[in-house]
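Undergrad: whatever this is, show me its structure:
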Amino acid sequence: MKKLLAAVLALTMALSMATGALAVNEDVEGELVIYSSMYQNVLAMMDEAIKAEFPNLVPGNDGSFFFYGGTSSLITKIYGEMETGTLGCDMMLVAEPAFSLELKDAGYLEPVEIENPDQLLRFPYDEEGYWYPVRVCNMVLAYNPEKTEEWAAKGVTIPKTFKDFATDPALKGVISMGNPLTSGTTYAAVASLTQDNHYGKEFLNGLAANEVMIESGSTALTKLQTGECAAIMILEESVLSRLEEAELAGTPITNIACIYPEDGVVLIPSTVMTVAENHSKNVNLEACEAVEKWLLSEEGQKMILKGYMHSTFAGMKDIPYGSIDTDTLIEKDLGVDWENAYHNREAINTAWTEIVTTK
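TA: Residues are numbered from 1 along each chain as shown. You can find the predicted model right below:
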């Protein structure tokens with residue numbers, strides 16, 4: 001009888017512990033909508049993870065927590081919603097911190113307290129808690145290793161720097177990049193590379209002279225593979241995801257690869273923000289705080305790595321599939337003046353339009 005009682009007690013304790021583990025976030029309820037510029041396949045993965053972690057939280061966008069759009073497209077959408085005073089979301093995960101600075105100044109954000117952020121994070125954050133970096137995008141160059149000799153025979157040297165990418169006349173008509181007017185990460189890269197302490201307007205003039213093609217990352221990668229492009233400016237995650245997808249499909253490819261420019265990479269620490277209570281769609285600050293803290297947890301950061309982006313955690317040694325050490329990239333980071341990117345957004349976009357797209 002004593003053995004039976006002990007067994008029952010042990011089972012009861014085990015079930016209690018298991019139930020407790022499962023019930024950590026069961027008290028987080030209500031609806032939630034998050035605007036995000038992360039790729040849709042990554043958002044699908046994040047969606048399932050949040051549903052598992054917060055079983056009683058209701059996805060507020062047709063069965064999903066996320067509303068997807070490029071950062072620049074989301075910014076335009078948010079500007080329109082600000083005219084009514086209420087946004088169509090409760091949280092945001094957008095591509096560049098300049099917009100976080102703008103929304104904080106406009107009074108549209110709610111601070112969230114994260115424990116010891118100075119020890120937790122290796123990228124800048126808002127000291128009042130209005131925004132934190134949650135994922136790191138990396139702007140690089142890419143090329144096709146299988147076409148190097150063909151390009152050399154045509155007098156084309158694959159660029160090893162952003163400067164050469166824009167200004168080497170041999171690359172005229174055979175380079176491609178994204179559009180800063182629609183892509184937040186491309187905007188951040190252009191803002192960085194056109195800073196006075198980097199290449200200024202010379203970078204834009206070079207792109208115009210080289211007749212850069214403006215197109216999506218997927219199109220540019222295909223042109224690399226076919227030999228239509230010699231080099232492209234692209235997010236590292238776009239290259240890494242295509243490489244792993246091919247490998248998982250059993251058909252590994254060797255005709256695309258990253259170039260980590262010798263003059264530096266452009267790291268874009270993308271932020272998480274909670275919308276202020278008087279401006280949010282569902283007025284659910286408790287849920288926003290819980291999800292924001294989950295994103296900045298070990299589990300949340302591992303999801304970021306699975307999405308081919310780098311972790312913001314200090315001391316995190318894990319890296320995305322096929323990438324290189326994050327701290328090494330930080331040493332090579334050209335940096336972005338986010339105050340400049342915020343206050344001079346219109347001027348930067350106008351310069352791009354007048355110099356590059358009207359060539």
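Undergrad: residue 239 should be in a helix, yeah?
TA: Yes. Residue 239: assigned to a helix according to DSSP: H, G, I helix; E, B strand; the rest coil.
Undergrad: since we're on it, how many residues are nearby?
TA: Applying other CB atoms under 10 Å, we find 26 residues neighbouring residue 239. C-beta coordinates here come from the backbone N, C-alpha and C atoms, glycine included.
Undergrad: in contact with residue 283, which residues?
TA: Neighbour list for residue 283: 90, 277 [criterion: CB atoms under 8 Å, 6 or more residues apart in numbering].
Undergrad: the same query, at a cut-off of 6 Å, please.
TA: By CB atoms under 6 Å, 6 or more residues apart in numbering, residue 283 lies in contact with residue 277.
Undergrad: cool, residue 31 as well?
TA: For residue 31, the contacting residues are 58, 60, 282, by CB under 6 Å, 6+ apart.
Undergrad: of those residues, which is the nearest to residue 235?
TA: Distance to residue 235, by CB to CB, is smallest for residue 60 among those, at 28.0 Å.
Undergrad: hang on, that closest one packs against residue 30?
TA: No. Counting by CB atoms under 6 Å, residue 60 stays clear of residue 30, with 8.9 Å between them.
Undergrad: and these two? which has more neighbours close in?
TA: residue 60 (21 against 16).
Undergrad: in strands only, show me the contacts of residue 31.
TA: Counted as lying in strands by DSSP state E, out of these, are residue 58.
Undergrad: which one of the contacts of residue 31 is nearest to residue 320?
TA: Closest to residue 320, out of all of the contacts of residue 31 and judged by CB to CB, is residue 60, at 29.2 Å.
Undergrad: relative to residue 203, how far out is the closest one?
TA: 41 Å (CB to CB, to the nearest Å).
Undergrad: same check on residue 227?
TA: Residue 227 is 26 Å from residue 203, by CB to CB.
Undergrad: repeat for residue 109
TA: Separation of residue 109 from residue 203 (CB to CB) stands at 32 Å.
Undergrad: how many neighbours does residue 246 have?
TA: 15.
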